[in-house]
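A.B. asks: mind looking at a prediction? Sequence and model below.
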Amino acid sequence: MELTILGTSATLPTKTRNHSGYLLVYKAEGLLFDCGEGTQSQLKTAGISFSKITRIFLTHWHGDHMLGLPGLLQSMAMQEYSRTLQIYGPPGSKEKYQKLLEAFESSYPITAVMHEVKEGTFLETDDFTIEAYPLMHRTQCYGYRFAEKDKRKINMAKLKKLGVPEGPIIGKIQEGKTIVHNGKKILPEDVTTLIKGRIFAYIPDTRPTKNCQKIAQDADVLLCESTYTQEHRAMAEEHHHLTAQEAGQIASSSNAKKLILTHFSARYKNESELAQDAREVFDNTFAAKDFMKIQI
């Protein structure tokens, strides 16, 4: 599972920071979280094909998080994107999306479906779930939590010793079901090892709220907005954003393993001062840079 950082700027882009965009690649899925202006160019520069994207998750409808959507859709259509693209956003997104399509006319059709998320788990596949939780920003804004499902690794040597043949019966064990073979009950715990699923959490624009903890709990990687340093906390409060230190406090209280800071105000020329701010409360902190790749 790999996360590619496509943009790390807040409202104003800079020469080195594009607007928000983060691509999480998991198996055959390409999950794009936010799509700020210039996202398609960032994908090109990163050498990532548009066809890689299977789902887009918008956190809110501020321009720095979604103005890249119409251009990306047109480019995907021009390249004959053959799937049905699934797009997700806060309640009210269907109406906004329709207005977006009407405003940006395109001669290149693409099949896409807009879904409005609800609090809690709104998407489940065989391999993962995705949850959404409302945050505290100047507009309706949701954070997302990707959780890979736990898997059981079969100990074939133990199964062979117990005389269990290959076939559907092994599939039941892998699903965590107890089986009976030759009159003997075999528990999943007897012949498998549970592999905990990985968790990626994304907290976009917000002030601290209890839902930040729900999103970030036990995350292997927490990607969190940190628009200001603690020195400018008053500005963070005024504009409904987090400081880097507040992001660190969320990571610490949520038992996250790694914190990646993003969404930096253009006033900061060097991201290191934000990272240092967060490390005062959470050591394993890194400042994101455009085109950074993170293995999860």
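C.D. replies: Here it is on my side, so go on.

A.B. asks: and the closest residue in space to L187 that isn't next to it in sequence, what is it in contact with?
C.D. replies: Distances taken as Cβ to Cβ, 6 or more residues apart in numbering place T178 nearest to L187, at 5.3 Å, with adjacent residues excluded. (Each C-beta comes from the backbone N, C-alpha and C, glycine too.) By Cβ atoms under 8 Å, 6 or more residues apart in numbering, the residues touching T178 are K185, I186, L187, P188.

A.B. asks: which stretch of helix or strand covers R233?
C.D. replies: Using DSSP states H and E, the element containing R233 is helix 233-239.

A.B. asks: got the CA positions of that helix in CSV?
C.D. replies: What follows is helix 233-239, C-alpha atoms only, in CSV (Å, rounded to 0.1, in the frame of the first residue of the first chain):
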residue,chain,number,x,y,z
ARG,A,233,-2.7,29.6,17.0
ALA,A,234,-5.0,32.6,17.0
MET,A,235,-5.0,32.5,13.2
ALA,A,236,-5.7,28.8,13.3
GLU,A,237,-8.7,29.4,15.5
GLU,A,238,-10.0,32.3,13.4
HIS,A,239,-9.8,30.3,10.1
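
A.B. asks: could you point out which element follows that helix?
C.D. replies: Where DSSP H and E defines the elements, the next helix or strand beyond helix 233-239 is helix 244-253.

A.B. asks: and that next one, what other elements does it pack with?
C.D. replies: Helices and strands in packing contact with helix 244-253 are listed as helix 210-216, strand 221-225, strand 259-262, helix 272-279, strand 285-287; criterion 3 or more Cβ pairs under 8 Å, 6 or more residues apart in numbering; DSSP states H and E.

A.B. asks: so which of the ones you listed comes closest to A247?
C.D. replies: Distance to A247, taken as Cβ to Cβ, is lowest for strand 221-225 among the helices and strands packed on helix 244-253, at 4.3 Å.
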